[in-house]
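In: Predicted model, plus sequence, below.
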Amino acid sequence: MATDPALPQTDEEAAAELARLAAEIAHHNRAYHTDDAPEISDAAYDALVRRNLAIEAAFPQLAHSDSPSAQVGAAPATHLAKVAHARPMLSLDNAFSDEEVAEFVQRIRRFLSLAEDEAVALTAEPKIDGLSCSLRYEDRRLVRALTRGDGTTGEDVTANVATIADIPQALPADAPEIFEVRGEVYMEKQAFAELNARLLAQAEAAGDAAKARRFANPRNAAAGSLRQKDAGVTAQRPLRFLAHGWGETSDLPGATQAEIVAKLRAWGFPIAEAFARFDDAQAALDRYRAIEAERADLPFDIDGVVYKIDRLDWQARLGFVGRAPRWALAHKFPAERAQTTLNAIDIQVGRTGKLTPVARLEPVTVGGVVVTNATLHNADEIARLGVNPGDRVVIQRAGDVIPQIVENLSRDDARAPWRFPTHCPECGSDAVREEGEVDIRCSGGLVCPAQRTERLKHFASRGALDIEGLGAQQIEDFVTDGLLHTPADIFRLTQAQLLPRKKDGKVWAANLLRSIEAKRAPDPVRFLFGLGIRHVGSITARELLKAFGTVQAIAQVATRAHDDEAARAEIEAVEGIGPIVTQALIAFFAEAHNREAWDDLLSEVAPEPFVQVQRTSEVSGKTVVFTGTLETLSRDEAKAQAEALGARVSGSVSAKTDLLVAGAAAGSKRKKAEEAGVRVVDEAGWLAIVAAAG
Ligand SMILES: NC(=O)c1ccc[n+]([C@@H]2O[C@H](COP(=O)([O-])OP(=O)(O)OC[C@H]3O[C@@H](n4cnc5c(N)ncnc54)[C@H](O)[C@@H]3O)[C@@H](O)[C@H]2O)c1
Ligand SMILES: [Zn+2]
C-alpha cells in the first residue's frame with residue numbers, strides 16, 4: 001500500500017483539507033447512499049474517511065460536530081416518506097488487523113474495569129454487504145419498515161418490504177408487544193447478475209442500450225431495488241433479508257446477544273449460518289479466517305466480520321460513541337484482496353499474435369467491484385504461481401489496474417504444472433516462444449483471425465505494398481464483413497463486392513481495383529516486409545533479397561533450414577542477420593497455415609526479382625531529367641536505369657538539375673538547361689554513362 005502523504009503542518013492547511021474532504025465525502029455519500037450509484041470504489045472512499053480521521057486526530061481543535069467522521073449514511077431520498085427512528089440506527093467502527101481487534105477488546109476491558117481473568121465472550125458473524133433496514137412490529141404485526149437514512153431519520157419502505165418473502169409479516173405469541181428487528185436487505189450475486197442482464201435487455205428492446213441503468217454491485221442493486229417509489233418494481237427484484245440485531249423493544253427476551261439472535265431465528269428470521277458465540281477474541285479471529293476463506297463461495301457479498309460483546313448488560317454499559325456502538329466492531333477484509341476459485345485458464349491472442357493467459361474466476365466482489373477475470377501475464381507467471389484450474393487463489397485489485405492473482409492457496413509442487421498450449425487457440429498454428437523472450441506467440445501471422453486486421457493493414461500500408469485507397473478503416477470494414485481473410489483476398493476483390501458498399505461507388509470501386517491491380521508485380525523488398533514476419537523489417541528484407549535474389553528463393557532456403565544446418569548457416573551468413581531473425585523466418589515458413597496462405601498469395605501476385613540499385617556511377621545521387629523522344633529506350637526504362645544507378649529522376653529542369661538527357665525533338669527544357677549551364681547529353685551519351693557504371 002502507498003504510504004499516506006504527510007499530514008498538514010499548520011492549522012490553516014489542516015482546516016482547508018478538512019473542508020475539502022468534508023465536501024468530497026458528502027458528495028460520495030450522496031452518490032452511494034441516496035442515489036445507489038457510487039462513483040469511486042469503496043477502498044478509495046475508505047481512504048478519504050481515514051485521511052479525515054487522521055487529520056482530526058492530529059488537529060482535534062478543528063474537528064466539527066458535523067464532521068464526516070460523526071455522520072451515518074446520507075440524508076433520506078426525497079421520493080420516499082421520511083420517518084424518525086425510535087432508536088438511532090448507527091454504523092460500526094472498523095478494524096483492519098488482528099491487532100486492532102485485540103485493542104478493541106482491551107478498550108472494553110478497561111472501560112468495564114474487568115478483572116484480568118474475566119472472559120469477554122463475543123459473537124461473530126459475516127458483515128453482509130446490503131443496506132440496513134429496521135422492521136417495526138407492534139402487537140406482533142409488521143407495521144413499518146425504515147431504511148437507515150442518516151441514522152436519525154429513515155425512509156419509509158413498508159410497502160416495498162412487504163414483497164420480501166424472507167421477512168415475516170407477523171411474530172409468534174411469545175414475542176414482545178413492541179419489537180424492532182434490524183438486519184440487512186441484500187441481493188444474491190447470481191440474482192444481481194441476472195438483474196443487470198435483464199435491465200440491459202430491456203433497454204436494448206427499447207432501443208436505448210447506452211442509457212441502460214445497471215448497478216455497480218449487489219449492494220447498490222439491493223438498495224436501488226428496495227428504495228423504489230413503486231413497490232411493484234421492488235416485487236420484481238429478488239431481495240433477501242438477514243437479521244442481525246434490534247432497535248426499540250418493550251421487552252428483551254434474553255440476556256445475551258446469542259440468546260436474542262436464537263429467538264429471532266425461532267420467530268422465522270433468516271440468520272447468517274456462520275453466526276456463533278466465542279469465549280474469547282482468539283476463537284472469534286479463527287472464525288474470521290474461516291469466513292474469509294469461504295467468502296467467494298457464499299451466495300451473497302460480505303465485506304468483513306462483525307464482532308459484538310455477547311452480554312447485553314455490558315452492551316448497555318458500553319453504550320455509543322459518535323456514530324457507532326462501543327460494543328461492536330466490523331473487522332473488514334483487506335479492501336483490495338479476496339479469495340476465490342480459479343475456474344479456468346483461457347488464452348487470448350493479441351492483435352500482434354501474443355498469447356496472454358487469462359484467469360477465469362468464480363465471481364467475487366473486491367472493493368465494491370465484481371471481479372470475474374484476472375490477468376496471468378505469461379507462462380512464467382503461471383509457473384511462478386503454480387496454478388491449475390480448480391485452485392483457490394487470492395486476487396488483488398488496485399485502482400484501475402486489471403486484477404491479478406497474488407497467491408495460490410492450493411499450491412502443490414508435486415502436481416504436474418499447467419501446460420501452456422502449443423497451438424494458437426484462434427487458428428491452430430504453432431505457438432512459439434523465442435529464445436530469451438517471456439512471451440509465446442502465434443506463428444500463423446498470415447491466417448490468424450486475431451492478427452488478421454493488423455496484418456492486412458501492414459501489408460497494404462505505405463512502407464509495404466502501398467495500395468492506394470486501401471487504408472486502415474477500409475481494411476477493418478472489409479474484415480468485419482468477411483471480404484478479407486488473408487492478403488491474397490485483396491487481389492480477389494471484385495466490383496460486385498465493392499459497388500453495394502458505397503452510394504455512387506462506381507468511381508471509388510474502379511479506382512480501388514485499379515490501384516490493387518497495379519501491385520500485382522510488387523517490389524520484392526516491400527512484399528517481403530509486408531508479410532509481417534517477426535523481426536523482418538524493411539532493412540532486413542532488403543539484405544535477404546540481396547543475398548537470395550527472389551522471395552521464392554528465401555522461402556525455399558527458410559523451409560530447408562527447418563532441418564538442415566547448412567541452409568540455416570546460409571541465412572545466418574547474410575549481412576546483419578542473426579539467429580533470432582533466422583529462427584523467425586524458419587518458424588514462419590514451417591507453419592503449414594502460413595505456407596498455404598503464401599502459395600495462395602503467390603498465385604495472385606508475382607514479386608519482381610531484386611535489382612541491385614547501389615551501382616556506382618557518375619550520376620549516383622544526382623538529379624537527372626529526360627526530355628524529347630528516345631530511340632532505343634522507353635521513357636520508363638530510362639527512368640529505371642537512372643534509379644538503378646542511384647539517381648533521382650525529375651520531370652522539370654531547375655537549379656537542382658545535374659544532367660539533362662535530350663532525345664530527338666527536345667524543346668524548351670533543353671533551352672532552359674543550356675541557359676542555366678546544366679550539362680546536356682544525347683541518348684548515346686546516356687547509354688555510355690550506363691555502360692560505364694560499376
Ligand atoms: N464507494 C463510495 O462512494 C462509498 C460512499 C459511501 C460509503 N461507501 C461504503 O459504505 C460503507 C460505509 O457505510 P456504513 O457507514 O454503513 O458502514 P458499514 O456499512 O461499513 O457498516 C455498518 C453497517 O453494517 C451493516 N451490517 C452488515 N452486517 C451486519 C451485522 N452482521 N451486524 C451488524 N451490522 C451489520 C449494518 O447495516 C450497519 O449499518 C463502507 O464500506 C464504504 O466504503 C462507499
Ligand atoms: Zn493464431
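Out: In hand now; what should we look at? Ligands and ions are numbered 1, 2, ... in the order given.
In: quick one: contacts for the residue of the stretch 351-500 of the chain found nearest ligand 1?
Out: Closest to ligand 1 within the stretch 351-500 of the chain is G368: 5.5 Å, counting by CB to the nearest ligand atom. Just so you know, the C-beta spots here come from the backbone N, C-alpha and C atoms, and that holds for glycine as well. Residues near G368 by CB atoms under 8 Å, 6 or more residues apart in numbering: 38, 41-43, 216-217, 219.
In: Phi, psi for it please.
Out: phi 90, psi 0 (degrees, to the nearest 10).
In: Over to W418?
Out: phi -60, psi 130.
In: That one against L342, yeah?
Out: No. Between W418 and L342 there is no contact under CB atoms under 8 Å: 9.9 Å.
In: bridging residues for the nearest residue in space to A81 that is not next to it in sequence?
Out: Nearest in space to A81, with sequence neighbours left out and distances taken as CB to CB, 6 or more residues apart in numbering, is D156 at 4.2 Å. Taking DSSP bridges as the rule, D156 bridges to L146.
In: neighbours around A414, how many?
Out: When counting by other CB atoms under 10 Å, one arrives at 4 neighbours for A414.
In: nope, A590 is what I was after
Out: For A590, the neighbour count with other CB under 10 Å is 17.
In: Please apply the same query to A496.
Out: 8.
In: do the same with E618
Out: 13.
In: I'd like the distance between the residue nearest to A81 and ligand 1.
Out: As judged by CB to the nearest ligand atom, to the nearest Å, D156 and ligand 1 stand 17 Å apart.
In: on that earlier part again, give me the distance between the residue of the stretch 351-500 of the chain closest to ligand 1 and E294.
Out: G368 sits at a distance of 20 Å from E294 (criterion: CB to CB, to the nearest Å).
In: thinking again about what came up before, could you turn the buried ones of the contacts of G368 into a PyMOL selection?
Out: Per 16 or more other CB atoms under 10 Å, the buried members of the contacts of G368 correspond to this PyMOL selection:
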select buried, resi 38+41+42+43+216+217+219
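In: wait, K263 sits on P253?
Out: Yes. Counting by CB under 8 Å, K263 does reach P253; the two are 5.1 Å apart.
In: Only the buried residues of the helix-or-strand element of the chain with minimal mean pLDDT, if you could.
Out: In the chain, the helix or strand scored least confidently by mean pLDDT, DSSP states H and E is helix 635-644, which has a mean of 77. Going by neighbour count (16+ other CB under 10 Å), the buried part of helix 635-644 is 638, 641-642, 644.
In: W418 and L342: which has the busier surroundings?
Out: For W418 versus L342, neighbours defined as other CB under 10 Å are more numerous around L342 (24 against 18).
In: For the more buried one, report the pLDDT, please.
Out: L342 carries a pLDDT value of 96.
In: Could you single out the nearest of the contacts of G368 to T657?
Out: Using CB to CB, S41 is the member of these that sits closest to T657, with 68.6 Å.
In: Go ahead and confirm the closest one touches V369.
Out: Yes. Using CB under 8 Å, S41 is in contact with V369, at 6.3 Å.
In: Provide a list of residues in contact with the residue positioned nearest the centre of the chain.
Out: Centre of the chain computed as the mean C-alpha position; nearest residue by CA atoms, centre = their mean is I402, 5.1 Å away. Counting by CB under 8 Å, 6+ apart, I402 touches 373-375.
In: now do 7 Å
Out: T375 (CB atoms under 7 Å, 6 or more residues apart in numbering).
In: and it, which of the three is it?
Out: coil (DSSP: H, G, I helix; E, B strand; the rest coil).
In: Disregarding residues adjacent in the polypeptide, which is nearest to T249?
Out: Nearest one to T249, counting by CB to CB, 6+ apart, is F179 at 5.0 Å.
In: Would you check that that neighbour makes contact with Y137?
Out: Yes. At 4.9 Å, F179 counts as touching Y137 under the criterion of CB atoms under 7 Å.
In: Next, show the common contact partners of these two.
Out: Shared contacts of F179 and Y137 (CB under 7 Å, 6+ apart): L171.
In: just to revisit the earlier point, show me whatever sits in contact with both of W418 and L342.
Out: Common contacts of W418 and L342 (CB under 7 Å, 6+ apart): V387.
In: Distance check, the residue nearest to the centre of the chain against A359.
Out: Distance, I402 to A359, using CB to CB: 10 Å.
In: And G651, by the same measure?
Out: From G651 to A359 the distance is 62 Å (CB to CB).
In: Tell me which of these two has more neighbours.
Out: Ranked by neighbour count (other CB under 10 Å), G651 and A359 place A359 first, with 26 against 8.
In: Would you check that that one makes contact with H377?
Out: No. The criterion here is CB under 7 Å, and A359 misses it with H377 at 10.2 Å.
In: Give me the neighbour count for the closest residue to E17 other than its chain neighbours.
Out: Distances taken as CB to CB, 6+ apart place P8 nearest to E17, at 5.5 Å, with adjacent residues excluded. The burial count assigned to P8 is 17, neighbours taken as other CB under 10 Å.
In: State the distance from P8 to G646.
Out: Distance from P8 to G646, by CB to CB: 70 Å.
In: Who are the contact partners of the residue nearest to E17?
Out: Residues in contact with P8, defined by CB under 7 Å, 6+ apart, are 14, 17, 55.
In: Check whether the helix or strand containing the first one comes into contact with ligand 1.
Out: In other words, A14. Per DSSP states H and E, A14 falls inside helix 11-29. Yes. Legend: contact between helix 11-29 and ligand 1 by CB under 6 Å from any ligand atom is shown at 28-29.
In: Would you mind listing the buried residues in that helix?
Out: Of the residues in helix 11-29, 14-15, 17-18, 21-22, 24-25, 28-29 count as buried by neighbour count, 16+ other CB under 10 Å.
In: which residues are contacting it?
Out: Applying CB under 7 Å, 6+ apart, the external contacts of helix 11-29 come out as 8, 38-40, 45, 48-49, 51-52, 55, 59, 62, 67-68, 73-74.
In: Which of those are buried, as a ChimeraX select command?
Out: Entered in ChimeraX, the line below selects the buried ones among the contacts of helix 11-29, by 16+ other CB under 10 Å:
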select :8,38,40,45,48,49,51,52,55,59,62,67,68,73,74
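In: The contacts of helix 11-29 in helices, which ones?
Out: 45, 48-49, 51-52, 55 (DSSP state H).
In: ok, back up a step: which of the three states applies to the residue nearest to T249?
Out: F179 is classified as strand under three-state DSSP.
In: where are the low-confidence patches of the stretch 351-500 of the chain?
Out: Residue ranges of the stretch 351-500 of the chain with pLDDT under 70: 398-401.
In: try 80
Out: 367-369, 398-401, 435 (pLDDT under 80).
In: Please enumerate the strands of it.
Out: Along the stretch 351-500 of the chain, counting by DSSP state E, counting those that start in this stretch, strands occupy 354-366, 369-375, 392-396, 404-408, 431-433, 440-442.
In: Can you convert the ones you listed into a markdown table and add a column each for distance to I554?
Out: As requested, the strands of the stretch 351-500 of the chain are exported to a markdown table (distance: least, CB to CB, whole Å):
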| stretch | distance to I554 |
| --- | --- |
| strand 354-366 | 25 |
| strand 369-375 | 38 |
| strand 392-396 | 47 |
| strand 404-408 | 42 |
| strand 431-433 | 19 |
| strand 440-442 | 21 |
